[in-house]
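A.B. asks: Following is a predicted model, sequence given first.
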Amino acid sequence: MDMKGMEHAVEVETLTVAYDAKPVLWDVNLKVPKGTLMAVVGPNGAGKTTLIKAMLGLLTPVTGAICFSGGKGDGHALKNRIGYVPQSGSVDWDFPATVQDVVLMGCYGKLGWFRRPRKADYELTAQMLKKVGMEQYASRQISQLSGGQQQRVFLARALAQEAEIYFMDEPFKGVDAQTEKAIVLLLKELKEQGKTVMVVHHDLQTVADYFDWVTLINLRVIASGPVEEVFHEENLKMAYRSTGALLRSVV
């Protein structure tokens with residue numbers, strides 16, 4: 001596909017991130033076209049979550065720059081335009097908050113932390129909970145939910161931000177089949193609305209069904225582009241190296 005003239009939601013330039021002087025990402029260059037539903041795939045330890053966090057400004061790179069829709073900046077400076085769903089394992093589920101409280105937090109970027117939520121914010125919260133099938137759990141503590149239900153709540157919080165760009169870190173991990181189906185429908189709805197969605201994903205068998213773009217990564221970007229063009233055996237072997245048996249099951 002000709003990338004010339006294509007408008008990009010995010011551009012990553014020569015990004016290097018290291019932990020304790022050990023590079024986790026090395027000289028990453030990546031362009032995420034507007035309105036795409038992109039999977040980020042690669043083996044464990046490839047730097048997928050690190051890439052998302054660096055793009056959000058949650059990690060400080062050694063070198064490189066992140067450009068959002070033509071303006072330099074990070075996730076903090078652009079918080080009103082960016083929605084983020086972290087890995088479920090990174091969330092303190094014992095925090096004393098109800099489902100409604102968590103989703104209402106998605107409105108704070110527009111509302112401000114020191115202003116009381118308005119009627120419209122509560123209405124938006126209820127609307128987003130209904131969208132993910134969790135409206136009947138609004139008053140329940142988040143610690144009392146199943147893993148799939150918790151993931152739905154964090155999706156609702158991201159949707160309440162009414163963002164332009166969404167980053168999701170393994171939203172399908174540990175969820176039941178019904179929740180996975182609901183998430184896929186939401187992702188495709190966001191794409192239809194012209195939103196840009198970047199998802200760290202681990203299931204190679206569903207990439208072609210769920211996404212239209214894919215980035216294969218293993219310390220560096222192996223390939224990035226439309227699924228039908230770059231999601232093939234040669235690139236997968238480069239990304240996963242010695243996992244030939246796995247690749248033959250999905251290619």
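C.D. replies: Here it is on my side, so go on. What you see is a predicted model; the values in this text were computed from it and never measured. Numbers count the residues shown, from 1 in each chain.

A.B. asks: ok, and what's touching stretch 206-218?
C.D. replies: 25, 28, 30, 32-33, 36-43, 46-48, 51, 184, 187, 191, 199, 201, 221-228, 230-231, 235-236, 238-241, 250 (Cβ atoms under 8 Å, 6 or more residues apart in numbering). Using the backbone N, CA and C atoms, a C-beta is placed for each residue, glycine as well.

A.B. asks: So which of these sit within helices?
C.D. replies: Of the positions in the contacts of stretch 206-218, 48, 51, 184, 187, 191, 227-228, 230, 235-236, 238-240 sit in helices, assigned by DSSP state H.

A.B. asks: Considering these, which possesses the most neighbours?
C.D. replies: Using other Cβ atoms under 10 Å as the neighbour criterion, L51 leads the ones in helices among the contacts of stretch 206-218 with 27 neighbours.

A.B. asks: I'd like to know how far that residue sits from P86.
C.D. replies: L51 sits at a distance of 14 Å from P86 (criterion: Cβ to Cβ, to the nearest Å).

A.B. asks: Now stretch 57-72: buried residues?
C.D. replies: Of all the residues in stretch 57-72, those buried under the rule 16 or more other Cβ atoms under 10 Å are 57-59, 61, 64, 66, 68-69.

A.B. asks: again, but for stretch 142-149
C.D. replies: Buried, per 16+ other Cβ under 10 Å, within stretch 142-149: 142, 145, 148-149.

A.B. asks: out of those, what pair is the most spread apart?
C.D. replies: The span of those, defined through Cβ to Cβ, is set by I142 and G148 at 12.8 Å.

A.B. asks: helices and strands around the host helix or strand of Y122, which ones?
C.D. replies: If you go by DSSP states H and E, Y122 is part of helix 119-131. Counting contacts by 3 or more Cβ pairs under 8 Å, 6 or more residues apart in numbering; DSSP states H and E, helix 119-131 packs against helix 99-104, helix 147-160.

A.B. asks: Which one of these lies nearest to D20?
C.D. replies: helix 147-160 (29.6 Å).

A.B. asks: how far is the closest one from where the chain is centred?
C.D. replies: Relative to its parent chain, helix 147-160 has a centroid offset of 12 Å by Cα atoms, centre = their mean, to the nearest Å.

A.B. asks: try stretch 37-46
C.D. replies: Offset of stretch 37-46 from its chain centre (Cα atoms, centre = their mean): 11 Å.

A.B. asks: what's the span of that stretch from first residue to last?
C.D. replies: 20 Å (Cα to Cα, to the nearest Å).

A.B. asks: if you average pLDDT over that stretch, what comes out?
C.D. replies: Averaging pLDDT along stretch 37-46 yields 95.

A.B. asks: Can you mark which positions in that stretch are buried?
C.D. replies: Buried residues in stretch 37-46 (16+ other Cβ under 10 Å): 37-43, 46.

A.B. asks: can I get the residues you listed in CSV with distance to A160?
C.D. replies: Rendered in CSV, the data for the buried residues of stretch 37-46 read as follows (distance: Cβ to Cβ, whole Å):
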residue, distance to A160
L37, 20
M38, 22
A39, 24
V40, 24
V41, 28
G42, 30
P43, 34
A46, 31
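
A.B. asks: among those, which two are most distant?
C.D. replies: L37 and P43 (22.0 Å).

A.B. asks: what's near enough to touch the most centrally placed residue in the chain?
C.D. replies: Closest residue to the average C-alpha location of the chain: M168 at 1.8 Å, with Cα atoms, centre = their mean. Counting by Cβ under 8 Å, 6+ apart, M168 makes contact with 84-85, 155, 158, 197-200.

A.B. asks: make it 6 Å
C.D. replies: 85, 199 (Cβ atoms under 6 Å, 6 or more residues apart in numbering).

A.B. asks: Next one: it from Q205, what distance?
C.D. replies: From M168 to Q205 the distance is 19 Å (Cβ to Cβ).
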